[in-house]
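Undergrad: how would this look folded up:
(chains A, B, C and D)
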Amino acid sequence: MIDKQTSDLLEVVSRVNEGDTVAIGGFGGAGSPNMLIDALIKNKNAKNLVIVTNNAGQKEEGIAALLKAGKVRKIICSFPRMKDSWVFEDLYRKGEIELELVPQGNMAERLRASGAGIGAFFTPTGYGTALAEGKETREIDGVNYVLEYPIRVDVALIKAAVADRYGNLTYKKTARNFGPVMAMAAKTTIAEVSEVVEAGQLDPECVVTPGIYVNVFIKV
Amino acid sequence: MIDKQTSDLLEVVSRVNEGDTVAIGGFGGAGSPNMLIDALIKNKNAKNLVIVTNNAGQKEEGIAALLKAGKVRKIICSFPRMKDSWVFEDLYRKGEIELELVPQGNMAERLRASGAGIGAFFTPTGYGTALAEGKETREIDGVNYVLEYPIRVDVALIKAAVADRYGNLTYKKTARNFGPVMAMAAKTTIAEVSEVVEAGQLDPECVVTPGIYVNVFIKV
Amino acid sequence: MNTEDRSMLAARIAGDIPEGAYVNLGIGMPTLVANHLGEGDKEVILHTENGVLGRWIDAPEGEQDPDLVNAGKVPIKLLPGAAIFHHADSFAMMRGGHLDICVLGAFQVACNGDLANWHTGDPDAIPAVGGAMDLAIGAKQTFVMMDHVDRDGRPKIVPQLTYPPTGLGCVTRIYTNYGTFETCSDGNKVRALFVNPAVSREEIVRSTAVEVDFSGI
Amino acid sequence: MNTEDRSMLAARIAGDIPEGAYVNLGIGMPTLVANHLGEGDKEVILHTENGVLGRWIDAPEGEQDPDLVNAGKVPIKLLPGAAIFHHADSFAMMRGGHLDICVLGAFQVACNGDLANWHTGDPDAIPAVGGAMDLAIGAKQTFVMMDHVDRDGRPKIVPQLTYPPTGLGCVTRIYTNYGTFETCSDGNKVRALFVNPAVSREEIVRSTAVEVDFSGI
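TA: Presented below is the predicted three-dimensional model:
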């Protein structure tokens, strides 16, 4: 019988190895898998990481705490500068963290491409800007595009609302955000969920992330 | 007040003009908008059409009837050869219809790209085959890809299960198939639906096609 | 701009948005436009980049849910008829040109529609782009909502950007406290569509770094 | 192959699919594999290109719904725990390499894994590809299930395809009524993993157009 649920938080995050690229869900606080992030901070092997996430954390919680613990070599994100994002700002000014700034939609689409087997795609977003400097461009049917490549992810840490034992997931409102595409993009996807139901309790028409994209989940 | 429902079937299909590219939902019979197709056959302006659809119809119903009525110049599809698809086969052998054969996943992704503002994408599907002949190819990270372009659609005819007045749609089981991506790809999307509910009756988390992709719908 | 001017500007923009339009209101001043929509019978559908299409209001005290926020991370309350989707679907919707109107703030707008609103170019600034570049190029029409001049009184409508661009040729209209202006892809001017009666044409000409064509009003 | 041979072949493939695997069974003979899965405690998750992931059975008489079919357009009945999605999401799942195993029929397989199963090359044939090319290259492993020889007794495992290819280097294993064989990306042979006790090695060698390496069994 397939059952992807676990209760061993430290074992779960031990799947993150040194140097891994780790995608972390969330748009600000909504959808941020804080329990997994906190556990990851305690994982000694998790260092020198590249993280892919929309924001760079606030105060000293969640992603900010991960940064503060010195686990992260590079961050790929769209909006690192938020209210109270002093941990990131301090590291950035000291040159202790590398930043790859990506327009938010290109980040989402590059994650999808990674999960969808697309080798690269032409996007209009960013054309003619500093964020497309040095990138291949092409005019197609009168529109200018930039060629963007998939973001390959080793491990995704995401937060969902409800799971069944197959790993089928639903999300809660705008906490959905990057969860589905990060789950697609990653070799290993770990979800923290608020509720676990029997197989068959989730309406197949309303499952957002099919279990094929989820390796293991843990109930908060 | 926004209300995208109509009951005037002939007015609805009059939005299809001569020479238009018309995407028609369905995978075999599941999700085929037969009422819209039958109405389209009665529309005198609808001729010289390019249709985009997975199959080429069976017996003399639905798409087969549209073909038989001489409305279609070209069909873009993945699997025209089915049991009882004699109408298509006859036209094809007589050279009276042009066929662009597309691998099913490339068709779906090209429709999505059209709706998603992607100028072109590199797909591994079809590389090294007759269906990629003459197309641009590229090796990226050791994998060979073919460059595929969006399928631009003037009008999409789709079948859904439930609509609200904003045009938000849900589908019934595997009748979902191409409906959502065709709705994205088209300049004008027309849906036939089985049920209409008050705004707020559809769970926002379970809406499959948001109303922005639907111009008008009609209850069967 | 003082609060009253901002509110009048927001009302002017709201008045130009037709019923049934799909609209994204950028973070900051553009969110004020929402206060002037949804009055009366005119229904306008909002989009927020973090995955909602529908109508909503700021969530009242006691109904705030940290998992239901807009792009500015402000808790919202959905009205009936909304749809929720993930980030790739949300930006596909933007990039695909399905939104009718996007309203954005700006540091500068060039008269050909080039937009600068993401980075001042200050080498010490922490860069952050969010959805700005996707929004700039994603809608059928991009409206800019801004002060006509910057804090030092310098024109923000310019012949060529001096700030780093967010998108090229994307702005269709510029709404300022002085008036409403149309960009012009092939010229070195903007066309006035409306002039604030409290501001003289001379003042507008003086505060705009390109020619202003008043012939249409 | 007669019905009994097909059933034994399907059972052999089913036996090689581990619990928890995500599997797409192509139209035609591969669908027989489903009859040998889901017995006992081993749970295998099926994928059908038209948008379902989960476990199902052929819909019993009276429970058939034309809006719930598999890729072969056969009505199915879902068991608990399924998920439904649209075509672009379904093929993203395939193309992205998330399926563990895909089982397909074939006209020919080259020993390097090239697959021909969509077109005989007959200029009079109506061409139709469906999801064949996506399936061929989409799974972590592609298994071919076929007769060892064609109707005229000619080998179907060949040094190079003579039929038009569906995908290059994609087949990992070939299951035939004669045995189970592994393709070999760098050589001119296949490796036998299993030999049907009713068939002699000489017969296999004679019926295979490339070298067969029996050293592993």
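Undergrad: Please, where are all the helices along the chain?
TA: You didn't say which chain, so I picked chain A. Taking DSSP state H as the criterion, chain A contains helices spanning A:9-13, A:34-41, A:63-68, A:86-93, A:104-116, A:179-185.
Undergrad: Wait, chain C was what I had in mind.
TA: Counting by DSSP H, the helices of chain C are C:3-15, C:87-95, C:132-138, C:201-206.
Undergrad: could you say what helices and strands the shortest one packs with?
TA: Think helix C:201-206. Applying 3 or more Cβ pairs under 8 Å, 6 or more residues apart in numbering or on different chains; DSSP states H and E, we find helix C:201-206 packed against strand C:189-195, strand C:211-213. Where C-beta positions appear, they are placed from N, C-alpha and C, glycine not excepted.
Undergrad: from the helices of chain C, which stretch is densest packed?
TA: Burial of the helices of chain C is given as mean neighbour count (mean count of other Cβ atoms under 10 Å in any protein chain shown); helix C:132-138 ranks first at a mean of 30.
Undergrad: what's the offset of it from the middle of its chain?
TA: On the basis of Cα atoms, centre = their mean, to the nearest Å, helix C:132-138 sits 11 Å off its chain's mean C-alpha point.
Undergrad: And the contacts of that helix?
TA: With contact meaning Cβ atoms under 8 Å, 6 or more residues apart in numbering or on different chains, helix C:132-138 is reached by A:103-106, A:124-127, A:129, A:131, B:117, C:24, C:26, C:49, C:91, C:94-97, C:99, C:102, C:104, C:115, C:117-118, C:142, C:166-167, C:170-171.
Undergrad: returning to what we had before: wait, which of the helices of chain C is closest to residue D:208?
TA: Nearest to residue D:208 among the helices of chain C is helix C:87-95; the distance by Cβ to Cβ comes to 46.1 Å.
Undergrad: Residue B:211 versus residue C:85, what's the distance?
TA: Using Cβ to Cβ, to the nearest Å, residue C:85 is found at 12 Å from residue B:211.
Undergrad: Of those two, which one has the most company?
TA: Between residue C:85 and residue B:211, counting by other Cβ atoms under 10 Å in any protein chain shown, residue B:211 is the more crowded of the two (28 against 24).
Undergrad: was I right about the more buried one contacting residue B:160?
TA: No. Counting by Cβ atoms under 8 Å, residue B:211 sits too far from residue B:160 to count as a contact (11.5 Å).
Undergrad: Spell out which residues are contacts of both of those two.
TA: Common neighbours of residue B:211 and residue B:160 (Cβ under 8 Å, 6+ apart) are residue B:169.
Undergrad: quick revisit: joint contacts of residue C:85 and residue B:211?
TA: Common contacts of residue C:85 and residue B:211, defined by Cβ under 8 Å, 6+ apart, comprise residue C:53.
Undergrad: Which single residue in chain A comes nearest to chain C?
TA: Per Cβ to the nearest Cβ, residue A:105 is where chain A lies closest to chain C, at 3.1 Å.
Undergrad: Just give me the neighbour total for that residue.
TA: 31.
Undergrad: Quick check: pLDDT value at it.
TA: With respect to pLDDT, residue A:105 has a value of 98.
Undergrad: And residue C:92, by the same measure?
TA: So residue C:92 comes in at 98 (pLDDT).
Undergrad: what's the answer for the one 5 residues further on, then?
TA: You'll see residue C:97 listed with a pLDDT of 97.
Undergrad: now residue C:41
TA: Residue C:41 is given a pLDDT of 72.
Undergrad: Repeat that for residue C:38.
TA: Per the predicted model, pLDDT is 67 at residue C:38.
Undergrad: can you check residue C:152 too?
TA: Reading off the model, residue C:152 has pLDDT 96.
Undergrad: neighbours of it, just the number please.
TA: Counted with other Cβ under 10 Å, residue C:152 comes out at 5.
Undergrad: show me what contacts it?
TA: So residue C:152 contacts nothing (Cβ under 8 Å, 6+ apart).
Undergrad: Just want the phi and psi numbers for it.
TA: According to degrees, to the nearest 10, the main-chain angles of residue C:152 amount to phi -90, psi 10.
Undergrad: one step back: kindly present the helices and strands packed on helix C:201-206 as TSV, with separate columns for distance to residue D:210.
TA: Listed next are the helices and strands packed on helix C:201-206 as TSV, based on distance: least, Cβ to Cβ, whole Å:
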stretch	distance to residue D:210
strand C:189-195	72
strand C:211-213	77
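Undergrad: Buried deepest among those, which one?
TA: Scoring these by mean count of other Cβ under 10 Å, the most buried comes out as strand C:189-195, with a mean of 19.
Undergrad: name the helices or strands packed onto it?
TA: strand C:179-182, helix C:201-206, strand C:211-213.
Undergrad: got JSON lines for the ones you listed, with mean pLDDT too?
TA: Output for the helices and strands packed on strand C:189-195, formatted as JSON lines (pLDDT from 0 to 100):
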{"stretch": "strand C:179-182", "mean pLDDT": "98"}
{"stretch": "helix C:201-206", "mean pLDDT": "97"}
{"stretch": "strand C:211-213", "mean pLDDT": "97"}
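Undergrad: on that earlier part again, could the helices of chain A go into a markdown table alongside distance to residue B:30?
TA: Listed next are the helices of chain A as a markdown table, based on distance: least, Cβ to Cβ, whole Å:
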| stretch | distance to residue B:30 |
| --- | --- |
| helix A:9-13 | 39 |
| helix A:34-41 | 39 |
| helix A:63-68 | 44 |
| helix A:86-93 | 49 |
| helix A:104-116 | 23 |
| helix A:179-185 | 24 |
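Undergrad: and of these, who's closest to chain D?
TA: Chain D sits nearest to helix A:104-116 of all these, at 3.5 Å, using Cβ to the nearest Cβ.
Undergrad: For chain D, tell me whether the closest one is touching it.
TA: Yes. Helix A:104-116 reaches chain D (Cβ under 8 Å from any Cβ of the partner chain) through A:112, A:114-116.
Undergrad: Between these, which sits nearest chain B?
TA: residue A:116 (7.7 Å).
Undergrad: list the contacts for the closest one?
TA: A:184, B:109, D:92-93, D:95-96.
Undergrad: From those, pick the one nearest residue A:56.
TA: residue A:184 (23.0 Å).
Undergrad: near chain D, which residues of chain C?
TA: Counting by Cβ under 8 Å from any Cβ, chain C has no residue next to chain D.
Undergrad: Near chain B, which residues of chain C? Just list them.
TA: Looking at chain B, the residues of chain C close enough under Cβ under 8 Å from any Cβ are C:19-20, C:22, C:41, C:43, C:45, C:47, C:52-54, C:78-85, C:92-99, C:138.
Undergrad: Please work out how many residues are found near residue A:206.
TA: Residue A:206: 17 neighbours (other Cβ under 10 Å).
Undergrad: I'd say it and residue B:205 touch.
TA: Yes. Using Cβ under 8 Å, residue A:206 is in contact with residue B:205, at 6.6 Å.
Undergrad: Now do the shared contacts for these two.
TA: Listed as contacting both residue A:206 and residue B:205 by Cβ under 8 Å, 6+ apart are residue A:170.
Undergrad: Show me the one of the helices of chain A that comes nearest residue D:63.
TA: Closest of the helices of chain A to residue D:63 is helix A:179-185, at 31.2 Å (criterion: Cβ to Cβ).
Undergrad: hmm, that closest one in reach of chain C?
TA: Yes. Using Cβ under 8 Å from any Cβ, helix A:179-185 reaches chain C at A:179-181.
Undergrad: ok, and what's touching that helix?
TA: So helix A:179-185 is contacted by A:23-25, A:31, A:52, A:108, A:111-112, A:114-116, A:150-153, A:156, A:158-160, A:169, A:171, A:189, A:191, A:208-209, A:213-214, C:86-88, D:92, D:96, D:98 (Cβ under 8 Å, 6+ apart).
Undergrad: Kindly recompute the last result at 6 Å.
TA: A:23, A:25, A:31, A:108, A:111-112, A:114-115, A:153, A:156, A:158, A:171, A:189, A:208-209, A:213, C:86, C:88 (Cβ atoms under 6 Å, 6 or more residues apart in numbering or on different chains).
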